[in-house]
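**Q** coords please:
(one chain, ligands or ions: 1)
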Amino acid sequence: MIQRSYRFRFYPTRAMQQQLAIEFGHARFVYNFALNARNKAWQRRKQSLNYVGLSKLIGQIKKTSRFDFLKQATAVCHTQKLIDLDKAFKAFFDGRARFPKFKSRHGKQSIRYQLDQRHIARTFSNTPGAESLQLPKLGKLKLRWSRRVAGVPKMVTLSKTASGKFYVSFSCEEVFEARPAAPMAVGLDVGIKELVTISTGEKIVSVKSYHKAQRKLARLQRVLARRKNGSNRRQAIRLKIVRLHERIADSRRDFHHKTSSRLISENQVICLEDLNVKGMVKNHKLARALSDNALGELRRMLEYKAGWAGRDIVVINRWYPSSKTCSCCGHKLQTLPLSVRQWRCLECETLHDRDINAANNILSEGLKQYREVHGNCPVWANGQGVRRVA
Ligand SMILES: [Zn+2]
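**A** Numbering: from 1, shown residues only. This next block holds a predicted model:
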């Protein structure tokens, strides 16, 4: 069994939006109230209030006239918020995160429902063409079911982005189906600017003009700096920036989903580098952050999809000189500035495209590591061998 995640956009009616505003607001209130109570209990009495104590406290305040407005919202969402708070503290004590912060009404909002599995047949259906999801106090959600759902969720999260779009996300346990082995292996070079180079010589570029959006973003940020704090005109620019950020993130996610799905369906072995630091000038932090981010996201998708399909991902050491080595004869250059996109090998005189050469080196280094671990691997066992187009 595997866990597969889904995220769909949904379009609430006006009445639903009103109820959602209550749900988001009250859930946030519960989180902040509990965080405050926990902090105070520790400061005043050195008492550590955990989930059990906090849910008792929330139960009590709901009975008072001052806080009985909380009954307008769904109680299971409050329980989930208290669980989140517990997790946030655990992450803090484990050294994985900072001290939990109060949630703001600006920015992304989210609530989580635990679905009652006894009545699940009434509230959830994944029958193609007749999909539906019903939540307490909201009723049936109007969803765009853009993918087929094979399982039944236990939890459902509703979220609202900073710019006001609504999403439903959940994960289902589904039966694992390994795909037939694809006798191919490739190496990937992931660069900035939403560019992935495959060792076959192909370069996959995001269709959407990423650069254009980046330029627009820079322009809007300059405008924002000129606007007066707290003014309506500043707020309008802020909203535009938020929307643009979301659009850039959406188009990148889409690009990575398409690229990773295609690579997984075509190949048995995919080799890539550990987080990318090569050729990045030290003080050029933004470019590096972007590239690291892109590689990290693509790698995460490749890894979980590889898990579903029974494929192998080989991650090679980031210090391996994939750009500077000639993939034909192995000759290694001393330096190769990032601005050089093409170069000729001094030994064998092959003319190299910088990224394709790097992808080929990543492939051969990855396969070397793969053979060390797997010996005679299934890719070669079916007689077709790994095809490598250099
Ligand atoms: Zn050479």
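**Q** can you name the farthest residue from the center of this protein?
**A** Among residues of the chain, the one most distant from the C-alpha centroid is residue 347; the distance is 43.2 Å, by C-alpha atoms, centre = their mean.
**Q** Please list all residues in contact with that one.
**A** 326, 329, 331 (C-beta atoms under 8 Å, 6 or more residues apart in numbering). Just so you know, the C-beta spots here come from the backbone N, C-alpha and C atoms, and that holds for glycine as well.
**Q** What of residue 308?
**A** Contact partners of residue 308, counting by C-beta under 8 Å, 6+ apart, are 2, 4, 176-177.
**Q** most surrounded residue in the residues you listed?
**A** Neighbour count (other C-beta atoms under 10 Å) singles out residue 4 as the most crowded of the contacts of residue 308, with 18 neighbours.
**Q** check which helix or strand covers that residue.
**A** Assessed by DSSP states H and E, residue 4 sits inside strand 2-10.
**Q** in that strand, what's buried?
**A** In terms of neighbour count (16 or more other C-beta atoms under 10 Å), strand 2-10 has its buried residues at 4, 6, 8, 10.
**Q** One more: stretch 156-172?
**A** Along stretch 156-172, these residues count as buried under the neighbour rule (16+ other C-beta under 10 Å): 156-162, 166-172.
**Q** Please work out the average pLDDT along it.
**A** The predicted model assigns stretch 156-172 a mean pLDDT of 93.
**Q** Repeat that for stretch 344-354.
**A** Along stretch 344-354, the predicted local confidence has a mean pLDDT of 92.
**Q** Now the residue nearest the centre of the chain: closest residue in space, sequence neighbours ignored.
**A** Centrality entry for the chain: nearest residue to the mean C-alpha point is residue 297, 6.2 Å, by C-alpha atoms, centre = their mean. With C-beta to C-beta, 6 or more residues apart in numbering as the measure, residue 256 is the residue that lies nearest to residue 297, at 5.4 Å, once sequence neighbours are left out.
**Q** Now do the SS call for that neighbour.
**A** Under DSSP: H, G, I helix; E, B strand; the rest coil, the three-state class of residue 256 is helix.
**Q** Would you confirm that it contacts residue 301?
**A** Yes: checked against C-beta atoms under 8 Å, the pair residue 256 and residue 301 is within contact range at 5.5 Å.
**Q** Comparing those two, which residue is more hemmed in?
**A** Regarding residue 256 and residue 301, a neighbour count based on other C-beta under 10 Å identifies residue 256 as having more, with 22 against 18.
**Q** hey, where'd the helices end up in the stretch 51-200 of the chain?
**A** With DSSP state H, counting those that start in this stretch as the definition, the stretch 51-200 of the chain shows helices at residue ranges 51-62, 75-93, 120-123.
**Q** nearest to the ion, of those?
**A** In this view, these are compared for proximity to the ion by C-beta to the ion, and helix 75-93 is the closest at 49.1 Å.
**Q** Keeping just the C-alphas, turn stretch 260-278 into CSV.
**A** These are the backbone C-alpha positions of stretch 260-278, laid out as CSV (Å, rounded to 0.1, in the frame of the first residue of the first chain):
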residue,chain,number,x,y,z
SER,A,260,8.7,13.9,-13.2
SER,A,261,5.7,11.8,-14.4
ARG,A,262,7.2,11.6,-17.9
LEU,A,263,10.7,10.7,-16.7
ILE,A,264,9.3,8.0,-14.4
SER,A,265,7.1,6.5,-17.1
GLU,A,266,10.0,6.4,-19.6
ASN,A,267,12.9,5.2,-17.4
GLN,A,268,13.9,2.6,-15.0
VAL,A,269,16.9,4.4,-13.5
ILE,A,270,17.1,8.2,-13.1
CYS,A,271,20.4,9.8,-12.0
LEU,A,272,20.6,13.2,-10.6
GLU,A,273,22.9,15.3,-8.4
ASP,A,274,22.6,16.1,-4.8
LEU,A,275,21.6,19.7,-4.1
ASN,A,276,23.1,21.9,-6.8
VAL,A,277,26.0,24.1,-5.8
LYS,A,278,28.2,23.8,-8.9
